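Undergrad: what would the 3D arrangement of this be:
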Amino acid sequence: MLLRLLFILSLCSVYGFGQTITIFGDVVDAEGDPAFNVSYYFKKHPEKKFKTDRDGKFSIQYKVGEDDSLIFKSVAFDPYQLYISKKLEKKAQRNDDSLYFRIAMPDRSLNLIEIKPNTPDTICGFIEFSIEDFELLDNGWMILLTYEKTLKKGAVLRLFDENLNELDRHYVAGDAIELKKDFRDNIHLICEERVYLVYLQDNEVRCGLENRDYYFKYVAPILDTIGPNLYFSNYSEIYPAFDYYEFNRDDSVYNVLLKVEDTLMMELYRSEYKYVDVRTKLWAHQKQIETGIDKEIWVGATVFTNSIYYQPLYAPLFKTEEDIILVFDHYKNKLFRYKPTEGFIDSTRISYHLDQRRSGWEQPLLQDEKQGHVYAMFLKGGYTYLSEIDQQNGHVRKSFKLFYKYVEKIRIIDGYVYYIYRPFESIQKKYVYREKLS
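TA: Predicted coordinates:
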């Protein structure tokens, strides 16, 4: 009895009745940035919830001997559980009754919730020819880029009404590649050496030859408009930086909207000059004298861009229905929101692209052409998953899995996803299918 009493007294001397310790620290995301507004509470007392501040800091009192866990939850991350063991309690005793933790929240974007698809609708398909590309018109008609054997030597533009009656066809001169819409919703047929403007006249499809250089220099770079403002970029596939511009047509004023740069890629790009042979260095130096462009850029553009280490930049710009410009900067890991009348109104972190090998993230981002929602695309096991990106906080929502594997030319229009597909090892031609996003 005496020994038992001595044991109890020893426990009281160590822990004390009702003694508390302070658990505090920082909650961060996968990149180490503060994770604010994350809820935290003890598992046994879920009614007493707190939230991290703007700097991701938290602090809470823990009663010794509770044998409890501290839970961290947020819509942006998977939950995190910290168990308070006896060992941690003793450690707190040695550190002025306090414990510090740095909590790294696991990204939810890598664990997408899958929504099962419905059986897709066949929008159009024909046994005589395959469909390489398509454009849907506002009246329900379609313009199809088709071919019977090969696209390069037998491309035909076909016009169909809403009942799939062929109204007209136009045989393409040249090696056709794809159909492209510009910022005015004009349709262009891109060929290897030519560009055509595609339009309708008296319910017949027409192709007008355009100046190829003019199209790629003055039309293709323009992404969208808001009132008198044009938004475009000086993007080059062979340079790891570019600028977005805003041009006001009323007063002819240019404004640099945002600079996009992959800093690591730029460092490798410029350092390539150090490792090339003397002849290449002399050539680059001569080019610098002739053009004023740095010799390191000449070497980077001609040598480094052909290596396996170079990847062209991808940081797309979209316009929303509220006339807000969205820029997805995958190198600063930020989604920027811009209003012409207010400038940059805010930015939020994006992380869906960070672990590309694990998540299967694929370019490009896709925007619903009617509703304005933006979707991230992920490829896993041959299947395509589409996840809407929340434009307020940058988080990805539920993932919609497309029915078929290895689909092509994905488009999202008014809540439906359209794509081209041909079954593997099948004699079927390429058809256009549609599924409803839900």
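
Undergrad: mind listing what's buried along stretch 342-357?
TA: Taking 16 or more other CB atoms under 10 Å as the neighbour-count basis, stretch 342-357 is seen to contain the buried residues 348-354. Yep, even glycine has a C-beta here, placed from its N, CA and C like the rest.

Undergrad: just the ones of these in helices?
TA: Secondary structure of these is defined by DSSP state H; no position falls in helices.

Undergrad: which parts of the chain are helices?
TA: With DSSP H as the criterion, the chain has helices spanning 2-14, 86-93, 212-214, 263-271, 278-291, 295-302, 356-359.

Undergrad: let me see the mean pLDDT of the last one.
TA: Averaging the model's pLDDT scores along helix 356-359 yields 86.

Undergrad: domain map for the chain?
TA: Structural domains annotated on the chain: 16-104, 114-262+313-436, 263-312, as defined by automatic domain parsing.

Undergrad: for the stretch 201-350 of the chain, which segments count as strands?
TA: Assigned by DSSP state E, counting those that start in this stretch, the stretch 201-350 of the chain shows strands spanning 204-210, 222-226, 229-233, 241-248, 253-261, 317-319, 325-329, 334-339, 343-349.

Undergrad: and for the stretch 1-150 of the chain?
TA: Shown for the stretch 1-150 of the chain, the strands assigned by DSSP E, counting those that start in this stretch span residues 20-28, 39-42, 45-51, 57-63, 69-74, 77-83, 98-104, 114-115, 121-124, 130-136, 142-147.

Undergrad: who are the packing partners of the fifth one?
TA: On a contact count with 3 or more CB pairs under 8 Å, 6 or more residues apart in numbering; DSSP states H and E, strand 69-74 meets strand 39-42, strand 77-83.

Undergrad: who are the packing partners of the longest one?
TA: Helices and strands touching strand 77-83, as assessed by 3+ CB pairs under 8 Å, 6+ apart, comprise strand 69-74, strand 98-104.

Undergrad: can you add mean neighbour count and mean pLDDT and give these back as CSV?
TA: Converted to CSV, the helices and strands packed on strand 77-83 look like this (neighbours: other CB atoms under 10 Å; pLDDT from 0 to 100):
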stretch, mean neighbour count, mean pLDDT
strand 69-74, 18, 90
strand 98-104, 14, 88
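
Undergrad: looking at those strands, which is closest to Lys398?
TA: Distance to Lys398, taken as CB to CB, is lowest for strand 69-74 among the helices and strands packed on strand 77-83, at 16.7 Å.

Undergrad: direction included, what does that closest one pair up with?
TA: In its sheet, strand 69-74 lies beside strand 39-42 (antiparallel), strand 77-83 (antiparallel), with partners assigned from DSSP bridges.

Undergrad: worst mean pLDDT among those strands?
TA: Across those, the stretch with the lowest average pLDDT is strand 77-83; it has a mean of 85.

Undergrad: any idea how far Glu272 lies from Ile293?
TA: According to CB to CB, to the nearest Å, Glu272 stands 15 Å off from Ile293.

Undergrad: actually Thr150, sorry about that
TA: When CB to CB is the yardstick, Thr150 and Ile293 sit 39 Å from each other.
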